[in-house]
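[1] quick one, fold the following:
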Amino acid sequence: MSGQSLTDRITAAQHSVTGSAASRTVCKATTHEIMGPKKKHLDYLIHCTNEMNVNIPQLADSLFERTTNNSWVVVFKSLITTHHLMVYGNERFVQYLASRNTLFNLSNFLDKSALQGYDMSTFIRRYSRYLNEKAVSYRQVAFDFTKVKRGVEGVMRTMNIEKLLKTIPIIQNQMDALLDFNVNSSDLTNGIINAAFMLLFKDSIRLFAAYNEGIINLLEKYFDMKKVQCKEGLDIYKKFLPRMTRVSEFLKIAEQVGIDRGDIPDLSQAPSSLLDALEQHLASLEGKKVKDSTAASRASTLSSAVSSLANTGMSFTRVDEREKQAALEEEQSRLKALKEQRVKELSQRLSFTTTDMSPVCSSSASCSSAPAVDLFSTPSCGILKPTVAYSDPQLVSGGHPEKLVSDDLDSSLANLVGNLEIGNTSTKNDIHWTQPGEKKMTGGLNWQPKAAPSTTWNPMLFQPSSFPVTTPTGLVGYSLPPPLSTMTLMTPPSLMYSRPVLRPSNPFSSASGAQLQFMKKRTNLSTVALISIAALPFGGTVILKNPWLG
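    Sure thing, here's the model as predicted:
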């Protein structure tokens, strides 16, 4: 079976609906495809373990739920995903697994659906046992042996003898579970078991490095221990030798499947004379008769054994450093690729924005004639140019058309002010002002009306005419008052309507039919009425008169 099955797609869609991105990614990482979990899914799950708002128990339960599937592909990939998170994920994930009473209950798992299922089911049972033992080891010592600090100042080298004698058996149990996977190069026939083998290979290197440093610490303190401690220490060392041989065989299989020789450490066997020296020392503590041996010979034997084991530890350290360097280079290459992609996107966005923001000139000549440059270094094409040409000879002096607004803003404003005659003092000569203390009561005598000065509009004067009383008229017009010789003080008349019934309720609304008839007779007039207001100084009276009624 290859490719995602319909069940995988339906399960992923269900988790998409419920909104659990982590559970959906778990389903995608453990599909029915005969290949290892995809790196992008594993990276996302690692990121989830580092987020504080992610529910770690829910994530782990999703993986456990996938192990209840009947297909060996789904179960094997679930175990690989769990192992990957235990190695590269946040420590909170391992802590939760260690706090559970049971993890994977797959000791009786068997997939009978295909011939390959029989073979893979065996490795699934062994693999699940190792993961269970890995979680139990963390529960007992509260740290992961594959992640502890190594070297002279490492955890296993600085541990006291009492704790060391209790810790090394825990490492031995985990190492036994790993080596019990017992895979051969001929069994690595698909991407799933290959992915599991690579994780076990890396764990074996780190786990045996911690195991080796614990043995070095044990040998350095062996001749200073009590009889009971020496007996336990000798038993631990005897178990260490065959495990070292099995690890060497496991590493040979890794070399056969194509792993680089530089990534495989060299194991140096301790001299066989060391075991004899340890047994003789224990026999002497028990009071048995042993061969005569000097302290110098025992010290030389011990130093040679420790140096050989230390060389093995250095080999493991070099492998770890090489692996870290490779991982660092991979991350740097990925970061560089992301930076290049980001710079490319920003440059494209910037060029697109600049193209949209640049104005387009109508002609190159107009742009070249105006050297002004805006903030974006784009030449402007003229300021406030009119689009309508005025051809009225009365509005333009001399009869020649001119620009109402020029290209220069200052000259444009000056021309506008000149046309409006703002600041022209010649028109104000007819106005006489007096100080407030020189008020003279004239009673309106010796006052002559003056027409308002105008430069742009000379209305035509019409002869007054009378209308019959029966003729409906609109608003009555007004004209200049008679000469002062005949003018008498009188109250100003109010606005009169010849027929009140025709008075509109709103002066600004549309006129009635009779009013429209009257207005049609005067369509040749440019102005309906001329209003002349005579303001008598100091309390004068305004006189309004209809020019058509005389």
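[2] so Pro242 versus Ala29, what's the distance?
    Distance, Pro242 to Ala29, using CB to CB, to the nearest Å: 37 Å. In this view, the C-beta of every residue, glycine as well, is placed from N, C-alpha and C.
[3] among these two, which residue is more densely surrounded?
    Ala29 (23 against 10; other CB atoms under 10 Å).
[4] what pLDDT is listed against that one?
    Note for Ala29: predicted pLDDT of 92.
[5] so what's it up against?
    Contacts for Ala29 (CB atoms under 8 Å, 6 or more residues apart in numbering) come out as Pro37, Lys38, His41, Leu42, Leu45, Lys77, Thr81.
[6] next: Ile215.
    Ile168, Ile236, Tyr237, Phe240, Leu309 are the contacts of Ile215 under CB under 8 Å, 6+ apart.
[7] what pLDDT does it get?
    93.
[8] buried residues in the host helix or strand of it, which are they?
    Following DSSP states H and E, one finds Ile215 within helix 191-222. By 16 or more other CB atoms under 10 Å, the buried positions in helix 191-222 come out as 192-219, 221-222.
[9] same thing with stretch 237-245?
    Tyr237, Phe240, Arg243, Met244.
[10] which SS class is the last one?
    Three-state call for Met244 (DSSP: H, G, I helix; E, B strand; the rest coil): helix.
[11] residues making contact with stretch 82-102?
    So stretch 82-102 is in contact with 37, 42, 45-46, 49-50, 56-57, 59-60, 63, 103, 127, 131, 134-136, 138-139, 144, 146, 196, 199, 202-203, going by CB under 8 Å, 6+ apart.
[12] right, and Asp144 touches Tyr138 too?
    Yes - using CB atoms under 8 Å, Asp144 is in contact with Tyr138, at 5.7 Å.
[13] doesn't Asn105 lie inside a helix?
    No - Asn105: not assigned to a helix; according to three-state DSSP it is coil.
[14] how about the contacts made by Ala60?
    Ala60 touches Thr82, Phe93, Tyr96, Leu97, Arg100, counting by CB under 8 Å, 6+ apart.
[15] show the buried residues in those.
    Thr82, Phe93, Tyr96, Leu97.
[16] columns distance to Gln229 on top of the residues you listed, output as TSV?
    What follows is those, written out as TSV (distance: CB to CB, whole Å):
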residue	distance to Gln229
Thr82	38
Phe93	36
Tyr96	36
Leu97	33
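[17] in strands only, show me these.
    Taking DSSP state E, every one of the buried ones among the contacts of Ala60 sits outside strands.
[18] which one of these is nearest Ile253?
    Thr82 (23.1 Å; CB to CB).
[19] show me where the stretch 51-200 of the chain has its helices.
    Taking DSSP state H, counting those that start in this stretch as the test, the helices found in the stretch 51-200 of the chain are 56-66, 72-88, 91-99, 115-141, 161-179, 191-222.
[20] including distance to Leu302, could the ones you listed go into CSV?
    Below are the helices of the stretch 51-200 of the chain laid out as CSV (distance: least, CB to CB, whole Å):
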stretch, distance to Leu302
helix 56-66, 46
helix 72-88, 35
helix 91-99, 36
helix 115-141, 27
helix 161-179, 16
helix 191-222, 6
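[21] how is this protein partitioned into domains?
    6-329, 467-482+492-498+511-550 (automatic domain parsing).
[22] of all the helices of the stretch 51-200 of the chain, which one is nearest Ser284?
    Shortest separation from Ser284 across those is recorded for helix 191-222, at 12.6 Å, computed as CB to CB.
[23] list of residues touching stretch 216-229?
    156-159, 161, 164-165, 168, 230, 233-234, 236-237, 274, 278, 281-282, 285-286, 298, 302, 305-306, 309-310, 313.
[24] dump it to PDB, keeping only the CA atoms.
    Below are the C-alpha coordinates for stretch 216-229, written out as PDB (Å, rounded to 0.1, in the frame of the first residue of the first chain):
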ATOM      1  CA  ILE A 216      35.800   4.700  34.000                       C
ATOM      2  CA  ASN A 217      34.600   6.400  37.200                       C
ATOM      3  CA  LEU A 218      34.000   3.000  38.700                       C
ATOM      4  CA  LEU A 219      37.500   1.700  37.900                       C
ATOM      5  CA  GLU A 220      39.100   4.800  39.200                       C
ATOM      6  CA  LYS A 221      37.400   4.300  42.600                       C
ATOM      7  CA  TYR A 222      37.400   0.500  42.700                       C
ATOM      8  CA  PHE A 223      40.500   0.000  44.800                       C
ATOM      9  CA  ASP A 224      39.200   2.400  47.400                       C
ATOM     10  CA  MET A 225      35.800   0.800  47.800                       C
ATOM     11  CA  LYS A 226      34.500  -1.500  50.500                       C
ATOM     12  CA  LYS A 227      34.200  -5.200  50.000                       C
ATOM     13  CA  VAL A 228      30.400  -5.100  49.200                       C
ATOM     14  CA  GLN A 229      30.900  -2.200  46.800                       C
END
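[25] filter the contacts of stretch 216-229 to the buried ones?
    156-157, 159, 161, 164-165, 168, 230, 233-234, 236-237, 274, 278, 281-282, 285, 298, 302, 305-306, 309, 313.
[26] and Ala337, what does it touch?
    By CB under 8 Å, 6+ apart, Ala337 has no neighbours at all.
[27] which strand or helix spans it?
    helix 295-357.
[28] can you give me the mean pLDDT across that helix?
    pLDDT averaged over helix 295-357 gives 73.
[29] how about stretch 142-157?
    pLDDT averaged over stretch 142-157 gives 89.
[30] quick one: end-to-end length of that stretch, please.
    Terminal residues of stretch 142-157 lie 17 Å apart, using CA to CA, to the nearest Å.
[31] now tell me what touches that stretch from outside.
    86-87, 91, 94, 134, 137-138, 164, 167, 171, 174, 202-203, 206-207, 209-211, 213-214, 216-217, 313, 316-317, 320.
[32] ok, stretch 32-48 next?
    1-5, 7-8, 21-22, 25-26, 28-30, 54, 59, 71, 73-74, 77, 80-81, 84-85, 88-90, 190-192, 194-195.
[33] repeat the analysis, applying 6 Å as the threshold.
    1-2, 5, 8, 22, 25, 28-29, 54, 73, 77, 80-81, 84-85, 88-89, 190-192, 195 (CB atoms under 6 Å, 6 or more residues apart in numbering).
[34] which of those residues are buried?
    The buried subset of those - by 16+ other CB under 10 Å - is 5, 8, 22, 25, 28-29, 54, 73, 77, 80-81, 84-85, 89, 192, 195.
[35] okay if I get the contacts of Ala60 as CSV plus pLDDT and distance to Thr122?
    Shown next, in CSV, are these (pLDDT from 0 to 100; distance: CB to CB, whole Å):
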residue, pLDDT, distance to Thr122
Thr82, 96, 19
Phe93, 95, 27
Tyr96, 95, 28
Leu97, 95, 23
Arg100, 91, 25
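[36] next, count neighbours for Gln95.
    14.
[37] separation between it and His47?
    Gln95 is 18 Å from His47, by CB to CB.
[38] likewise Lys77?
    In terms of CB to CB, Lys77 sits 19 Å off from His47.
[39] show me what contacts Trp72?
    Counting by CB under 6 Å, 6+ apart, Trp72 has contacts Asp111, Gly117, Met120, Ser121.
[40] pull the most distant pair out of these.
    Asp111 and Met120 (7.0 Å).
[41] these two: which has the busier surroundings?
    Met120 (25 against 20).
[42] spatially nearest residue to that one (excluding sequence neighbours)?
    Trp72 (4.5 Å; CB to CB, 6 or more residues apart in numbering).
[43] looking at the one you found now. What's its pLDDT?
    94.
[44] do the same with Tyr390
    So, for Tyr390, pLDDT stands at 46.
[45] how about the one 3 residues further on?
    The confidence metric pLDDT takes the value 45 at Pro393.
[46] number of nearby residues for the residue lying closest to Asn194 once chain neighbours are set aside?
    Of all residues not flanking Asn194 in the chain, Leu188 sits nearest, at 5.3 Å (CB to CB, 6+ apart). Counted with other CB under 10 Å, the neighbours of Leu188 add up to 18.
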